[in-house]
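Participant: Please find the sequence and the predicted model below.
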Amino acid sequence: MQTPIDEILAALVQNPSLSNREDFQKLKNAILAKTQAKKGPSNIELLQRYQEKVQNGELEDDLRIRKLLRKRAVRSLSGVSVISLLTKFWGCPGKCIYCPTYEGLPKSYISNEPAVQRAEMNEFNPYLQVQNRLRSLQLTGNAISKCDVRIIGGTWSVYPRKYQEDFIRGIYDAHTAFSYGKYSFETEKNSPFQKSTLIENDFVLSQTFEEAKKRNETAQSRVIGMAIETRPDWIDEEELARLRQYGVTRVEIGYQTTDDTINEINKRGHGNAQSIRATQLLKDAGFKVVAHMMPGLVGATPEGDKKSMKEIFENSDFRPDELKIYPMVVTPNSELTELWKSGKFEPYDDKTLVPLMAELQSYIPEYVRLNRMYRDIPAEEILAGSKLANLRQITEVAMRAKKLERKDISAREIRAKGNNPEDAILDIYQYDASGGHEYFLQMIDPNDRTIFGLARLRIPSQYFSGEDHFFPVLQDAAIIRELHIFGDQIPVGGKGNHSGQHQGFGKKMLETCEKIVEKNYPNIKKIAVISGVGAREYYKKRGYSQEDEYMVKYIPLDKNQKSVQ
């Protein structure tokens, strides 16, 4: 006799048209009434049993069923699952006056920030932090096949090489090992955060990070992208070579402002020259550049902040790919704390900040993704400045009132909008950036410019300057810096859905990039992709092979070569 859980799951499989939660609840109620069960299973219990059946091969993974059972769907609606983890404290070369400093924590982080609490619970161990996050995502029904790792904490470039290698190895091994193991999750008293404890696993840890990378290429849970945070003045060719060796594909750097006087007042330790140089080096190596901007720094004005934001898009020496905006707030344990206490500084109040943020967002072009516009600092830790946890939503209301439009990528992602992928067209925008030339390809619904996917193709600065590339593998190469399909995440090898993934969009944009290069740049001999480790198999199926840390295809393209779908 079937249990109520198994009967409900069987009914879901047998009713493929059932796709909304109201009808699902009616189905559950009918089955529970028939079985006379005193208490029905929760969606989490149903989800766990469903995942067991999928893993055992009893059922096929069905996005429709996962969507009905899962919580926090937003976690994987951008096509990937973001895994954030913290490094332990190792000091910082910066002297920025606004960064709080707490014993035992990376500089600028506060002990009761959620990300910090998760890291502390798992002793800053990368393996345990990743396990914890994967299990949490899995329990809430989010796919963990394609993971985008974000390493946060201190300035990454400062950490010793051995620490970096061990940390990276732990990240890859944790993803690869996850499907092998069974885990116990302990919750400390009065804490919502859990500590991962491995209780059974046949997986043998890798001896080197190179071995760990190789094993993850074909794992069930793959690292398809990786980001680190560092300072512009720590970026050079040697640092970039090391980052590529680790599998890093995206680098976050702080511009903060384009006013060098303001940077000096706030003791940033660098100015525009270092930011511009770092941006060009990163792009020429294929990395995506995530810029941080901070309105309201000491000495700044709203008009000056507007000028800085405009400049990073109007000045081709900047033009980042992604953006985070962090308005200045006063927290304990910083030099800024004393300035504020002495009456020498006052951050923007909400009346000033909200309209400013609305205008700043309206400057962001279509080729940029706005990732965040507020640090996740608990309100009780903010001594002065905005405590609006929903600043983004309030700003969007202000934008509508002023008839200002958000054009950036995150505002246009398909997510759960319901646009039909069959309506998508290919749109190509070209712009100069950091001494090179960029092609921004996007699959969009032409009616409202909802975006299903994007690609970034760069003709590097060396093509125009005639200089040799600092990476031999990229000599005479065009670089695909990003290929990303949005919408509900479909596991590797899974069937396409009605939101974007596995519709052939990636293949179409990749082939378009190849044709652009072959037609317009006769002196370019190959195309190189800055692929995440877990995405290498995708490119291998499309005629690319690994050279150094890039996936490469030579020009002229083999007309007889068929891409494997």
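Facilitator: Perfect, thanks for sending it. Numbers count the residues shown, from 1 in each chain.
Participant: Which parts of this structure belong to which domain?
Facilitator: 4-69, 73-227, 231-412, 421-554 (automatic domain parsing).
Participant: Let me have those domains in CSV, extended by mean pLDDT and mean neighbour count.
Facilitator: (Each C-beta comes from the backbone N, C-alpha and C, glycine too.) Listed next are those as CSV, based on pLDDT from 0 to 100; neighbours: other Cβ atoms under 10 Å:
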stretch, mean pLDDT, mean neighbour count
domain 4-69, 78, 15
domain 73-227, 83, 19
domain 231-412, 96, 19
domain 421-554, 93, 19
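Participant: From E396, how far out is N419?
Facilitator: Distance, N419 to E396, using Cβ to Cβ, to the nearest Å: 19 Å.
Participant: just E518 next, same as before
Facilitator: Counting by Cβ to Cβ, the separation of E518 from E396 is 42 Å.
Participant: would you list every one of the helices in the stretch 451-565 of the chain?
Facilitator: Assigned by DSSP state H, counting those that start in this stretch, the stretch 451-565 of the chain shows helices spanning 461-465, 505-520, 536-540.
Participant: Throw those into a markdown table and include distance to V330, thanks.
Facilitator: Compiled in a markdown table, the helices of the stretch 451-565 of the chain are given as follows (distance: least, Cβ to Cβ, whole Å):
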| stretch | distance to V330 |
| --- | --- |
| helix 461-465 | 40 |
| helix 505-520 | 45 |
| helix 536-540 | 45 |
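Participant: how about these, which one is nearest K213?
Facilitator: helix 536-540 (9.3 Å; Cβ to Cβ).
Participant: Show me what the closest one is packed up against.
Facilitator: strand 550-554 (3 or more Cβ pairs under 8 Å, 6 or more residues apart in numbering; DSSP states H and E).
Participant: Describe which strands the strand it packs on pairs with in its sheet and in which direction.
Facilitator: When pairing is defined by DSSP bridges, strand 550-554 lines up against strand 526-529 (antiparallel), strand 545-547 (antiparallel).
Participant: Can you give the contact residues for the longest one?
Facilitator: By Cβ atoms under 8 Å, 6 or more residues apart in numbering, the residues outside strand 526-529 that reach it are 286, 473-474, 476-480, 483, 513-514, 517, 539, 544, 547, 550-555.
Participant: Kindly report the same for the last one.
Facilitator: Outside of strand 545-547, the residues within contact range by Cβ under 8 Å, 6+ apart are 473, 528, 536, 540, 551-553.
Participant: Between the helices of the stretch 451-565 of the chain, which one is closest to I444.
Facilitator: Shortest distance between I444 and the helices of the stretch 451-565 of the chain, using Cβ to Cβ, is found for helix 505-520: 10.5 Å.
Participant: Give me the angle between the closest one and strand 550-554.
Facilitator: Angle, helix 505-520 to strand 550-554, by axes from the mean of the first three to the mean of the last three Cα atoms, to 10 degrees: 50 degrees.
Participant: Can you name every helix or strand that helix 505-520 contacts?
Facilitator: Looks like helix 505-520 contacts strand 425-433, strand 436-444, strand 451-459, strand 477-485, strand 526-529 (3+ Cβ pairs under 8 Å, 6+ apart).
Participant: Go again with 10 Å.
Facilitator: With contacts taken as 3 or more Cβ pairs under 10 Å, 6 or more residues apart in numbering; DSSP states H and E, helix 505-520 sits against strand 425-433, strand 436-444, strand 451-459, strand 477-485, strand 526-529, helix 536-540, strand 550-554.
Participant: among the ones you listed, which is nearest Y109?
Facilitator: strand 477-485 (27.9 Å).
Participant: quick one: strands adjacent to the closest one?
Facilitator: In the sheet, strand 477-485 lines up with strand 451-459 (antiparallel), strand 526-529 (parallel) (DSSP bridges).
Participant: Rebuild those as JSON lines, extending it with distance to E366.
Facilitator: Shown next, in JSON lines, are the strands paired with strand 477-485 (distance: least, Cβ to Cβ, whole Å):
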{"stretch": "strand 451-459", "distance to E366": "8"}
{"stretch": "strand 526-529", "distance to E366": "22"}
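Participant: I'd like to know which of these lies nearest to M373.
Facilitator: strand 451-459 (19.1 Å).
Participant: Secondary structure element for F89, which one?
Facilitator: Assigned by DSSP states H and E, F89 belongs to no helix or strand.
Participant: go on, I5?
Facilitator: Counting by DSSP H and E, I5 is part of helix 4-14.
Participant: Now the element after that helix, going C-ward?
Facilitator: Immediately after helix 4-14, counting by DSSP H and E, sits helix 21-35.
Participant: What's the first helix or strand after that following helix?
Facilitator: Counting by DSSP H and E, what follows helix 21-35 is helix 43-55.
Participant: Summarise which helices and strands the helix or strand following that following helix is packed against.
Facilitator: Note on helix 43-55: by DSSP H and E, the next helix or strand toward the C-terminus is helix 63-69. The contact analysis (3+ Cβ pairs under 10 Å, 6+ apart) places helix 63-69 against helix 4-14, helix 21-35, helix 43-55.
Participant: go again using 7 Å as the cut-off
Facilitator: Judged by 3 or more Cβ pairs under 7 Å, 6 or more residues apart in numbering; DSSP states H and E, the packing partners of helix 63-69 are helix 43-55.
Participant: I would like the residues contacting the helix it packs on, please.
Facilitator: Helix 43-55 has contacts (Cβ atoms under 7 Å, 6 or more residues apart in numbering) with 5, 8-9, 59, 61, 65, 69-70, 138-139, 141.
Participant: would you list those in TSV and tack on distance to Y50?
Facilitator: Compiled in TSV, the contacts of helix 43-55 are given as follows (distance: Cβ to Cβ, whole Å):
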residue	distance to Y50
I5	9
I8	9
L9	6
L59	7
D61	9
I65	6
L69	6
R70	10
Q138	11
L139	12
G141	9
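Participant: what are the ranges of the strands in the stretch 101-250 of the chain?
Facilitator: Secondary structure of the stretch 101-250 of the chain (DSSP state E, counting those that start in this stretch): strands at 146-152, 182-187, 194-200, 222-230, 250-256.
Participant: dump the residue contacts of V158.
Facilitator: Counting by Cβ under 7 Å, 6+ apart, V158 has contacts 90-93.
Participant: who touches the nearest residue to K525 once chain neighbours are set aside in this structure?
Facilitator: In this structure, K525 finds its nearest non-sequential neighbour in D476, 4.3 Å apart by Cβ to Cβ, 6 or more residues apart in numbering. Going by Cβ under 7 Å, 6+ apart, D476 touches 523-526.
Participant: re the thing from before, a markdown table please, covering the contacts of V158 and showing distance to F203 and secondary structure.
Facilitator: Shown next, in a markdown table, are the contacts of V158 (distance: Cβ to Cβ, whole Å; DSSP: H, G, I helix; E, B strand; the rest coil):
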| residue | distance to F203 | secondary structure |
| --- | --- | --- |
| W90 | 28 | coil |
| G91 | 34 | coil |
| C92 | 35 | coil |
| P93 | 37 | coil |
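Participant: Just put the helices and strands packed on helix 505-520 in JSON lines and tack on distance to T230.
Facilitator: Output for the helices and strands packed on helix 505-520, formatted as JSON lines (distance: least, Cβ to Cβ, whole Å):
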{"stretch": "strand 425-433", "distance to T230": "20"}
{"stretch": "strand 436-444", "distance to T230": "21"}
{"stretch": "strand 451-459", "distance to T230": "21"}
{"stretch": "strand 477-485", "distance to T230": "18"}
{"stretch": "strand 526-529", "distance to T230": "23"}
{"stretch": "helix 536-540", "distance to T230": "24"}
{"stretch": "strand 550-554", "distance to T230": "21"}
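Participant: if we can go back for a sec, closest to S145 out of the contacts of D476?
Facilitator: Checking these against S145 by Cβ to Cβ gives K526 as the nearest, at 29.3 Å.
Participant: thinking again about what came up before, how about the helices of the stretch 451-565 of the chain, which one is nearest K162?
Facilitator: Of the helices of the stretch 451-565 of the chain, nearest to K162 by Cβ to Cβ is helix 536-540, at 25.7 Å.
Participant: Which strand residues bridge the residue nearest to V517 when sequence neighbours are not counted?
Facilitator: Nearest non-adjacent residue to V517, counting by Cβ to Cβ, 6+ apart: A478, 4.5 Å away. Beta-bridge partners for A478, by DSSP bridges, are I527.
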